[in-house]
Structure formats: C-alpha cells, structure tokens
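**Q** Predicted model and sequence follow; I will ask about them next.
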Amino acid sequence: MRNHYLIWLTLIFSFGNNYAQSDSAVNRKFELYSANYFHIGSTHFPIKLYSTLLNGGYINEKLKGEFNNKNEFLRLGGEAQSDIGIKIPSMKKVDYSYIGFRQLFTFGGRYHQSLFQFIFDGNQELDFVNLSKSAFHNRNFQLLQFGIIKNNISVRLSIGNVLSENTLTFNSSDFIEFNNNYTWNVHLSPSFSSISNNKNLFKKNGQVFSMDGRIIKHLNPQLDFEMGVQNLGVLHYSNEALFKQIDTNFVFEGFSFEQILNLNETIEHISNTSTIDNNQNTSFKLTPYSVWGITNYDIDSYTYSLSFFYRHDSQFIPRFNFMVSKQIKSKLSLSSNIAYGGFTQFQWGARLLYSYKNHSFGINYMNITSFLPSWSKSFGVGLNFNIML
Amino acid sequence: MRNYFFILIVLLISCGCDKRNNAISWTTHMSIPISKDSLFVNDFINVNNVFVSPNHEYYYFKDTLNLFELNQNDFLPNLDFSFSESLSFPLIFSIPPNQIAPVTLPSNHQFDFEDLQLHEILFNRLNFNYSATSNIDGNFFLILHIPTALKENGDLFYDTVEIRNDNGNNNSFIHQIEIENLRIDLSNNGSTYNTISTTFQIMSGNDTIPPNLFSNVNLSIELANLDVGYMRGYFGNTTVNSEVNTNINVIKKLASKKIQLYQPELEIIIKNGVGMDAQLTINEIEFQRNQTSKLLSHQSIGQSVNISRAQDLGWDFNYSNQSILITEQNSNLNEIINLFPTQIISSYQLETNPQGNHAGFNDFYYTNKPLSIDAAVTLPMLFNVDSLVFSDTFSVEFPDLLRINEAKLDLEIENGLPLNVCFDLRVLNGNHINMNQPCLFHSNLDSSNQLYSPSYNQLSATLDSTNSSILLEEKKIVLNATIHSPDTTTFFPVLLSDWLNYKLGLTLNADINIE
C-alpha cells in the first residue's frame, strides 16, 4: 500500500524539467501553469533501502549497496518541488505578469564509505571512520512569487518562509579511529544549524527573499539556448535559529577504575573537552539557489537537447542530461534521455508530452530502471501541465 | 481536474494518517571499549592511607585516629546569662510622641559560674529573649544598652524593644532577637569578672506617655542558644575523667586480606589549642577484638604528663604539642597488633590549671581549637599474599537499540607484578563468563628484584545467550582480579612502580532495531 501511495504522490508532485514546453502557449491568454518533480537517489545503495526505511523491514547486505572507490564521496538525497502559478496577460510594456506558489523540500547527505559502514556494518572491520567534509541537510521552503515575462526574458521575485532547515557539516580533519578493540580516538569539530517551524503563520524562524530569472536565445530556427537561475537571494534567520560549532577531541577506552569512582568528574571532564560555540556572526546567508541551462537542436521531427542543473549548498552532484525527442504527429512527443548527477550517477529516463487544443501535459520518468527497485539507485518522476483559460 | 484534486486530497490525508508498522533493523558488528587501566597493589588492598616506604621495600598503612577531644562542656560549667530587673521610671511630665524619657537606669549583673571567672566572651551567635510587664499606658519602646558589648563592625550594642500596652494593664510581652558576633567585656575594664553592665531607657511611640511617678517595667532577659567562639579569663582548677571508644575497622579489613603486619608503631599525639595548663594521665589503653582484649603496656601508662598552654600572639597561634612513641621495643604493641583489634578503649584523667590562676585571667579557649589526643598508627605490610582480590564493575556503553546475537569479551593483560594473577569475568547477576586459561604467571625479576620482563596474555570469552541478555539489560560487567604470591615462604617486595595493565573490550554481532 505504501508503494502505491508513493507512486501516486510522485505522480502528483512530479518532475517536469522541460522548461521549453512551459511557454508553449503564446496566445496572450490567461495561463494556468504547474511544474512538479520528485526524485530520490543514492550513489551506492538501491532505492529499495528508502522503501525499507519508510515501511520498515530488515536491511540486508544487498540493500546496503556496493562500494567501488573508497576515496570518493558517497551521496544520498532527494528533492520534491511543486510550482503552481498563473500567467496574466498584460496590456502594458510586458507580455505577462506572473503570480505563483512554490513548495520545495530537499534532503541530502555526502559522506565517506567508512561512515556508512560504521552505521550499517559496525566498526569490527574498520580501523578509521573518515568524517572529513561530510555534510547532511534537510530543508523545507515555501515561496510566493511575483514576476513579469517579456519577449524571451522572465524575472520573478519571491518572498517566503523556511518551514525547517537542518544542516550538519564536519570539518576536514574530523575522524574516529579504532585502535583494536580497546580504544576509540575521536576528533570531531562539526558545525550544525537548525531552524525549526513555529506556529506563527507569517513570521517564521527563517525568511527567504530571492529571485528567479530565465532567458531564451534563438540562435537560428533550429538551435536555441536557454538558461536560468532559481531561488537566488538571501535567507534571514530569526534569533530562534540555532547555530553551533562543536570542537572535541578525546580518547575513549571505556572507563578506568578512578573514572568509575569519580564518575561525576569524568562526565564533567568529557564535557569540558567539548567546546560549543555559537558560530553564526550574521543573520543572513545565501539561499540554496539552483542554476540550469538547456540547448535544443531540431532536425526534422527530432530534437536533441543538452542540459545541466546545479543546486548550491546541497549535497547535489551537478546533473548533466542528454535527451532525444521525437515529435509524433502534432500532439504527441516522446523522449528518451541519459543523465549523470543529482544524488545518483547514471540514469536512463523517458518523457511523454501531449498537447491538445489549449492544454499541454507532460510526464517524465527519470530512471526507467527504477522499475527494479532492488537494483536501481534512483527514482524520479515529474508532471507538468499548462492550461489556457 | 476536479478528480485530480480529489485524489490529491484523499492521498494526502491517507498518508498523513498512516504509520510504519514494521521495525527497521540491520545487523552490525561492533567493537566497544569497556575499560583500560593499570592496577597497582594498592588497588588490591583497597585501603586508604597506604604509602610506600622511603626505600621502596614495603607498603605501610598510616592513619591517625582521634582518641579524645576536650570540649567546652567537658571542663567548663554551663553558662547561664539570665537576669531580671524591676525598672522604675518616675515620669513627672508626659513624654511627647517619639521622644526618649530623660531617665537612664544603669545596673550590673554578676553571674556565678563556679570556678570559671570570665573577663571576655565572644558569641558567634546568641538570642536575647525578653519577657516584660509594665503599667505604662500606650505603646512605647524599651532601649537596652550594654556599654561593654561591641558588635562585629565595632558599633556599641543597643537593642530597642517595642512594648504594646494599650490599656496599661501590666500585660505580658515576649520578644526575641538573634545577634551574631557579639563580644562582651565581662570585667568592667579588668575590675571584676562574669559581669554584664546594662542601661535602660524608655521612648514614646506615636502616642504621648502620660506622667506617672510610679511608671515601671518588670523585665526578664535570657541569653539563650549560646554559640561561643572565644572565652578569656580564669578557667578554674577542675579534674576531668573520660573514657573513649574508638573504632579501627581498617585493621580488620587488612586482616581479612591476609596481609602480614610487622614492626608496628603507635604515636600518641597530644595537641593543646587551649590557653590553659593541664596535666594528663592516661589511665589505660585497651585494644579489643570480639571478646578478646589486651591492655597496652608502656611506661607512660598511669604517669602524669604536663601539658603546656597554647599561645595566642594575635598575629600567630602556637599549639602546644607533645607525643609519646610506642613501638614493639618499648611496649607489647606487636602482640596487640597481631590481635587485629577493631576497637580502642582509652581512659584519661585531665586536671586543668594545676598551678591555679598563675596566668592572671589570661586563659583562653577557641571552640575550634580544643585539646586533643590522637593516635597515629603505622603498620608496615608484608605481601606474602594469598587471594588478594581486586573487584570492579564496569559500565558497557552501547545503544538501547541493539539486540545481541553474539557477544565476545576480549581481555588483554600485561602483568608487571611479581605475583600471579587470575581474572574472572561475570555479568551483573553473578553468572560466570567462561574463559580459557584465565591465569597469568608473575613477571620476571632479576637478581636485584627489578622487573625485566612482564608476562603477557590475550584472552577471549564468548557469552552465551543468557549472559548476553543480562549484559544487554544491565550494561555492566564485573571484573575480579586475584593476585597470589608464587610461593608461601618468600617475602616479595612489591614496588610502587610494579603494575598490572589490562584492556577489556567487547565485540558484538547484534541487530539494530528501530521501532
């Protein structure tokens, strides 16, 4: 049943990366517009592990995945974004005004193989857990957008709330070393931040002021280029937001005779070896913006597209995508693509676009192999539609 | 489109209500440190106040036991500073509101404290309890002044007591105040002793006191809850007899560990912090264990010892110290120590100021500097030991989410003691954890008894399912280490630097289970 919900939810909050299609309506009518996507992935474990974490069950060796290169960062994460808006034809200097709403949820992690093994396999086969530059986050934003569209340029300004944001980043020298069965040498100096939600409907603990921008350049009738930035701006934190830096370095050997006799002093000593500082000097920081670009080349009924996508302050690998689309009759377009990046590595996807009268509808399946969840390492699906009113 | 939103809402509600029914679990293999430490012989003896002899040949126990302390109540009578006054205030004129009547009534009160003749006293704390009746109509104030009393800040002592007497019917009034750090000269500038001088005045309140030639106040004052910090004067010539029981359980503890004691020493230390001469006679010192007892035989028993007074120079304080050394050569102490006594019963006679008031009222007493008699016991110990046990319970830190499939304890030992050692591991309910070859030979010593190579062993023990469950529940491991002399005839010098290192760790095959 859970999987059933997941598929439905995915369909509803799903991915639509075909930005070129979103402005297909050019008749200067009111236009209801929505672009949604959802994807999860990992560089090393199958997506069935997510399902197990969600539904419960035993995590066997197969679900823990495979490790190819000890020195590379491993990643896991997911994103869900839902945009809904309306384009309003303008009589003045611009083509359209725009008003919309965006909900964005992301989570991610970047870590070394040894940390994953420490958690899921234990430390018996490990002598070292490398925590260097490992980082984790989750965040949930909601944004209200206002914008204008003229010719090939659109600009939107956003104001919004951070419903929650938690980050944890380890320093480059952080590690845990296991010296046979008798000693743990621990060196930790991570920084973490936490913005929690509050009951106030408007004044949240974090507020976002940002902009979206997009430009299209038609180089010739066959070739166009398009790029944009999303959610570029500043985040303002209230005093309720928590920013901490821990610095601790200790050797754990169990407890000695004297330490057991003076347990209170021992606890106090361990506490004293940890320095906890409030490390936030300013109440502003850059938003987790994203940058994207796409170029399309048309030959007959085929379109060849090359695109990229990158999100700042995430554990996201910049994603590159190559897609071939075939226009079948005037209403239907089918595409297939290969991609690298995001929270996983290679993916093979497919997309369907359907236009009928004043409507257009698109569905995108990011990784076809995710039909085999015990094997595939990512899953993503998207939905977008335009309706002329 | 309507269908779309309908499905969306239904799904959102359904997902919000749904809960995960199954636990998430996975298998992990953990190595967890439990304890790593060095043990010395003192850890096995587990007795405080054990030291190493200067030549490092042996350990010895040294402790000081308090046998006797001369306190205020032992040699001074009870101090009762209570007095009554019938105060007559002939008021010819009325006293307007908030005015002091032009009549001051002085008086002296001398107290009888048997032989004790005090010139000066310092109270850390005391209460003034007033009880009064009066025929003066209306509310008024009675002002008590002690001209020879000084408060801590150097101010003169005044106390004003409000007496509410609405109808002039000789009603009774009780009033109490607490004063801290009050110093009173009881000698009227050296002319007398045990005397408190007072003056009394009355003051009107918000009402006028009408004229009355026969106005009076009948007053009783008690100085109660006396916490005396210091006294000076002549403390009299008194004889105090005392018998004191002192427990010495530590020797019983040593006896239970089969440690041999030899060449004991007992030092009787007399420390006088009182500015008063005294003469002490130790009538007898008896050592007891169960029903057996032995009297100490020494030339000082039954002989009087003159004790000089302490000296208070203002900027310095000198105790008067004397000691009597009792050894196995000048007493029967060896015989007594081998009894491993658990109790000392000592009786004394103390005569204060045997030469009378020859210091001229300059005896002094600080309550925190009494005359005391202590016994310093020194007991060298031989380590021809059999089954001397070190026992400890260690916490094992692992998450509550674990379900143990298999647990194995790893123990690494390096023995630098010239003694054999055996280890025994248990879970908290006392269940034994089986280990192969849990014993380790003594370290190797050269001809000058110096350690040249420790013995080493690495042991492991797998816990059965019962012990694993107890370990998971209690998170405690009990370690017992027992040391034995390699033979029963040789005297083994155990040095301060001789050690036994051990490392204890736990390896787990366990399931982590998150509900």
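**A** Now that the structure is in, tell me what you want to look at.
**Q** Specify the beta-bridge partners of B:Glu412.
**A** In this structure, B:Glu412 bridges to B:Gln458, B:Lys503 when assessed by DSSP bridges.
**Q** Please name the residues that touch it.
**A** A:Tyr182, B:Asn457, B:Gln458, B:Leu459, B:Tyr502, B:Lys503 (Cβ atoms under 8 Å, 6 or more residues apart in numbering or on different chains). Heads up, the C-betas are built off the backbone N, CA and C, glycines and all.
**Q** how about the helices of the chain, start to end?
**A** Answering for chain A, as no chain was given. Chain-ordered helices for chain A, with DSSP state H as the definition, fall at A:2-12, A:19-22, A:48-55, A:113-120, A:257-261, A:263-272.
**Q** Chain B, not that one
**A** With DSSP H as the criterion, chain B has helices at B:2-17, B:41-45, B:72-75, B:249-256, B:333-337, B:465-474.
**Q** Would you pull up the residue in the stretch 1-150 of chain A closest to chain B?
**A** Closest to chain B within the stretch 1-150 of chain A is A:Gly56: 2.8 Å, counting by Cβ to the nearest Cβ.
**Q** Tally up the residues packed near that residue, please.
**A** 17 (other Cβ atoms under 10 Å in any protein chain shown).
**Q** Equivalent analysis for the one 4 residues further on, please.
**A** Applying the criterion other Cβ under 10 Å, we find 12 residues in the vicinity of A:Asn60.
**Q** One more: the one 4 residues further on?
**A** A count of nearby residues for A:Lys64, using other Cβ under 10 Å, gives 19.
**Q** Setting the sequence-adjacent residues aside, check what's closest to A:Gly147.
**A** The shortest distance from A:Gly147 to any residue that is not its chain neighbour, by Cβ to Cβ, 6 or more residues apart in numbering or on different chains, is 3.1 Å, and that residue is A:Arg156.
**Q** and that neighbour, bridged to which residues?
**A** Taking DSSP bridges, one finds A:Gly147, A:Asp212 as the beta-bridge partners of A:Arg156.
**Q** from what I can see it touches A:Val229, true?
**A** No - under the criterion of Cβ atoms under 8 Å, A:Arg156 lies out of contact with A:Val229, with a separation of 10.4 Å.
**Q** Quick check on those two: which one has the bigger neighbour count.
**A** With neighbours defined as other Cβ under 10 Å, A:Arg156 and A:Val229 compare such that A:Arg156 has more, 23 against 18.
**Q** Look up which residues are beta-bridged to the residue lying closest to B:Leu419 once chain neighbours are set aside.
**A** Excluding its sequence neighbours, the residue lying closest to B:Leu419 (Cβ to Cβ, 6+ apart) is B:Ile483, at 4.3 Å. B:Ile483 forms beta bridges with B:Leu388, B:Val421, as assigned by DSSP bridges.
**Q** what about B:Ile483, distance to B:Leu459?
**A** Applying Cβ to Cβ, to the nearest Å, one obtains 17 Å for the distance of B:Ile483 from B:Leu459.
**Q** Which one's more surrounded, the two?
**A** Neighbours around B:Ile483 and B:Leu459, counted as other Cβ under 10 Å, are more numerous at B:Ile483. The numbers are 24 against 19.
**Q** quick one: the nearest residue in space to B:Gln311 that is not next to it in sequence and B:Trp499, what's the gap?
**A** Ranked by Cβ to Cβ, 6+ apart and with sequence neighbours excluded, the top spatial neighbour of B:Gln311 is B:Asn318, at 4.3 Å. When Cβ to Cβ is the yardstick, B:Asn318 and B:Trp499 sit 44 Å from each other.
**Q** These two - which one has more neighbours?
**A** For B:Asn318 versus B:Trp499, the count of surrounding residues by other Cβ under 10 Å is larger for B:Trp499: 20 against 13.
**Q** residues touching that one, list them.
**A** B:Trp499 makes contact with B:Ser38, B:Leu39, B:Phe40, B:Gly416, B:Leu417 under the criterion Cβ under 8 Å, 6+ apart.
**Q** least confident pick among those residues?
**A** By predicted confidence, the contacts of B:Trp499 are weakest at B:Phe40, whose pLDDT stands at 79.
**Q** Neighbours of it, how many?
**A** 20.
**Q** before we move on, what about A:Lys204?
**A** Around A:Lys204 there are 22 residues (other Cβ under 10 Å).
**Q** looking at the chain, which helix or strand does the model trust least?
**A** I went with chain A, as the question did not name one. helix A:19-22 (a mean of 37; mean pLDDT, DSSP states H and E).
**Q** that answer is for a different chain, and I need it for chain B
**A** With mean pLDDT, DSSP H and E as the measure, the helix or strand of chain B carrying the lowest mean pLDDT is helix B:2-17 (a mean of 42).
**Q** what separates the residue nearest to B:Gln311 from chain A, distance-wise?
**A** B:Asn318 sits 38 Å away from chain A, going by Cβ to the nearest Cβ, to the nearest Å.
**Q** Can you verify my assumption that that residue contacts B:Ala310?
**A** Yes - using Cβ under 8 Å, B:Asn318 is in contact with B:Ala310, at 6.2 Å.
**Q** before we move on, back to that, I'd assumed B:Trp26 was in contact with the residue of the stretch 1-150 of chain A closest to chain B.
**A** No - contact criterion Cβ under 8 Å: A:Gly56 and B:Trp26 do not qualify, at 11.6 Å.
**Q** List the buried residues in stretch A:105-122.
**A** Counting neighbours by 16 or more other Cβ atoms under 10 Å in any protein chain shown, one finds that the buried residues in stretch A:105-122 are A:105-118, A:120-122.
**Q** Export it to PDB, keeping only CA atoms.
**A** What follows is stretch A:105-122, C-alpha atoms only, in PDB (Å, rounded to 0.1, in the frame of the first residue of the first chain):
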ATOM      1  CA  PHE A 105      11.600  20.100   0.100                       C
ATOM      2  CA  THR A 106      15.100  18.700  -0.200                       C
ATOM      3  CA  PHE A 107      17.300  16.400   1.900                       C
ATOM      4  CA  GLY A 108      20.800  15.100   1.200                       C
ATOM      5  CA  GLY A 109      24.000  13.600   2.600                       C
ATOM      6  CA  ARG A 110      27.600  13.500   1.400                       C
ATOM      7  CA  TYR A 111      29.900  11.100   3.300                       C
ATOM      8  CA  HIS A 112      32.700   8.600   3.100                       C
ATOM      9  CA  GLN A 113      32.200   4.900   2.700                       C
ATOM     10  CA  SER A 114      33.600   4.300   6.200                       C
ATOM     11  CA  LEU A 115      30.800   6.300   7.900                       C
ATOM     12  CA  PHE A 116      28.100   4.400   6.100                       C
ATOM     13  CA  GLN A 117      29.800   1.100   7.000                       C
ATOM     14  CA  PHE A 118      30.200   2.200  10.600                       C
ATOM     15  CA  ILE A 119      26.500   2.800  10.900                       C
ATOM     16  CA  PHE A 120      25.200  -0.200   9.000                       C
ATOM     17  CA  ASP A 121      28.100  -2.800   9.400                       C
ATOM     18  CA  GLY A 122      29.700  -1.700  12.700                       C
END
